[in-house]
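*Asks:* Give me coordinates for this.
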Amino acid sequence: MWNCAISTARPSSDPRACALVNRFREIRASRLADETGTLHKQADLAFALCYPSPYHVGMSSLGFQSIYRSLHALPDSTAERAFLPDDVTEARRPSDGLCTYESGRPVADFPVVAFSLASELELAGVVTCLDLAGIPVLAAERSAHARTFPLVVLGGPLTFSNPVPAGPFADVIVMGEAEELLPALVQSLREQPDRETLLGDLACRPGFYVPSLHGETPPPVAIADDHYLPAYSQIITPHTELAGMFLIEAERGCSRGCAYCVMRRSAGGGMRPVSPERLLPLVPAEAQRVGLVGAAVTDHPALPEILRALVDAGRGVGVSSLRADRLDDELVGLLARGGYRTMTTAADGASQRLRDQVDRNTRVEDLLRAARLCRDHGMALLKLYVLIGLPGETAADIDELARLALELAAVAPKLSLTVSPFVSKRNTPLDHQPFEAIASLEEKLGFLRRQLRGRVRLGGDAPKWGWVEYRLAQGSFAEGLAAAQTARAGGGFAAWKRALGG
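*Replies:* Numbers count the residues shown, from 1 in each chain. A predicted model of the protein is given here:
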């Protein structure tokens, strides 16, 4: 059996530190008391399942919740959750370290610490969590003291793009869809007597990336068999981005070919819908709000049937991805009956030329129809996501976007435009495309603000953070080490810029 770690926590006599420790304990206890579906199990092999963002973000992650349930379902294994504290600065002051929600046990006491990574910027959160837990951040530092420190495992959506920057921190990275890999991981943990043998065994198994052995060349992602679908919430809590909502996977993957999106690769190049007969019985009777999750939910052939069943049962509904070209009166009417007040969709390209260029099959008429449906069904807001900085973009494309936004604003009750800079991702047709200069992107945003002021609400990610994401998305071990340097320097943009040499 895999060796347990040794606690590094130390008591403190500082009254202020004690007060902060007690406050963090009270926050955990309060949130735990408000949860429905929390699991408790004693087992020989215990995972500290960590999310490198705060609780309200982590508990909105369907993948994180699904892995939590899966680990509990395996014989002789269990899992407890930990999260990046809401206030990292304060969390660094007390001596309680990073502790789990279920038992308050220090994360460093667990034999295995597993992180779910959704985005590149969460790498800094991994570093902070390990620091707070008293675990050496670098795998190379832990390997010399294998009996003292836990095995650190990483996985999650980031592995579909570029997990290499996470390599310096991870003993092993689970690539792709983890459902079939978890039993193999647990088996190896039980059977291998030491860390070196364990990593050698995992490195020979499909779907496991061992950076110390594979270097900067990860193996292919794993694709789980369809019988593992759908993923769904284990815990319902009011303290999330999607307060009190039960999430369930309506489909996995995407059959569309948008050139900038890693989801085209996430399920072997296609969409795997979950039938109503399989999905609906998994919704618990007490769930008042149900969120249907997937990269292309509105492409599901039975979506109206699923929504109608939920709405007729008196439940509120949510859908994670509305494609404008799939919206019609029936579908939007069901969403409105299910409590929808904001219709969210995406154009992505600033102009029709750019949308065609990146194979985003959305036309101006689709967006205008979405605005009319939003208005006609009594919704309060149309929220539109757009990318700027795509290859070959010109001032004329941005001007076209401004005209389109004003045209949509004249139809929709209100319009919100969420503009994000294009970040090229690995394993997509636009891999290695350069990131547009921050000053140029800010100039385009300034133009949009002037053109849309008073008519359209404008928001989105600042170009400087897009640049950081780009450097990590295209990065290697060196960029991962920069994330560690940045996390310890406060995590601000200036620290990122120094660490990345920008």
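*Asks:* what's the spacing between stretch 82-98 and its chain's center?
*Replies:* The gap between where stretch 82-98 is centred and where its chain is centred comes out at 21 Å by CA atoms, centre = their mean, to the nearest Å.
*Asks:* contacting residues around that stretch?
*Replies:* Here stretch 82-98 makes contact (CB atoms under 8 Å, 6 or more residues apart in numbering) with 8-12, 16-18, 20-21, 24-25, 27, 48-55, 58, 99-101, 106-108, 125, 128-129, 131-134, 491. For every residue, glycine as well, the C-beta is placed using N, CA and C.
*Asks:* So which of the residues you listed are in helices?
*Replies:* Among the contacts of stretch 82-98, the members falling in helices (DSSP state H) are 16-18, 20-21, 24-25, 27, 55, 58, 125, 128-129, 131-133.
*Asks:* Flag whichever of these scores worst on pLDDT.
*Replies:* When these are sorted by pLDDT, the bottom entry is Ala17 at 63.
*Asks:* could you pull out the strands for the stretch 201-350 of the chain?
*Replies:* Assigned strands in the stretch 201-350 of the chain, in chain order: 208-209, 245-249, 251-253, 271-273, 289-293, 316-319, 342-348 (criterion: DSSP state E, counting those that start in this stretch).
*Asks:* what's the closest of these to Leu500?
*Replies:* With distances scored as CB to CB, the stretch of the strands of the stretch 201-350 of the chain nearest to Leu500 is strand 208-209 (23.1 Å).
*Asks:* what are the pairing partners of the closest one, and which direction each?
*Replies:* Each strand paired with strand 208-209, and its direction, by DSSP bridges: strand 172-174 (antiparallel).
*Asks:* could you point out which element follows the partner strand?
*Replies:* Along the chain past strand 172-174, the next helix or strand (assigned with DSSP states H and E) turns out to be helix 181-191.
*Asks:* what's that following helix in contact with?
*Replies:* Counting by CB under 8 Å, 6+ apart, residues outside helix 181-191 touching it are 1-2, 45, 67, 70-71, 74, 76-77, 111-112, 151, 153, 172, 174-175, 198, 201-202, 205, 207-208, 222.
*Asks:* follow-up on the earlier one: output the strands of the stretch 201-350 of the chain as JSON lines; include the columns mean pLDDT and distance to Asn427.
*Replies:* Formatted as JSON lines, the entries for those read as follows, by pLDDT from 0 to 100; distance: least, CB to CB, whole Å:
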{"stretch": "strand 208-209", "mean pLDDT": "98", "distance to Asn427": "14"}
{"stretch": "strand 245-249", "mean pLDDT": "95", "distance to Asn427": "22"}
{"stretch": "strand 251-253", "mean pLDDT": "91", "distance to Asn427": "14"}
{"stretch": "strand 271-273", "mean pLDDT": "91", "distance to Asn427": "18"}
{"stretch": "strand 289-293", "mean pLDDT": "96", "distance to Asn427": "22"}
{"stretch": "strand 316-319", "mean pLDDT": "95", "distance to Asn427": "26"}
{"stretch": "strand 342-348", "mean pLDDT": "94", "distance to Asn427": "18"}
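*Asks:* coming back round to it: quick one: which two of the ones in helices among the contacts of stretch 82-98 are the most distant?
*Replies:* Greatest spatial distance in those: Arg16 and Gly58, 27.6 Å, computed using CB to CB.
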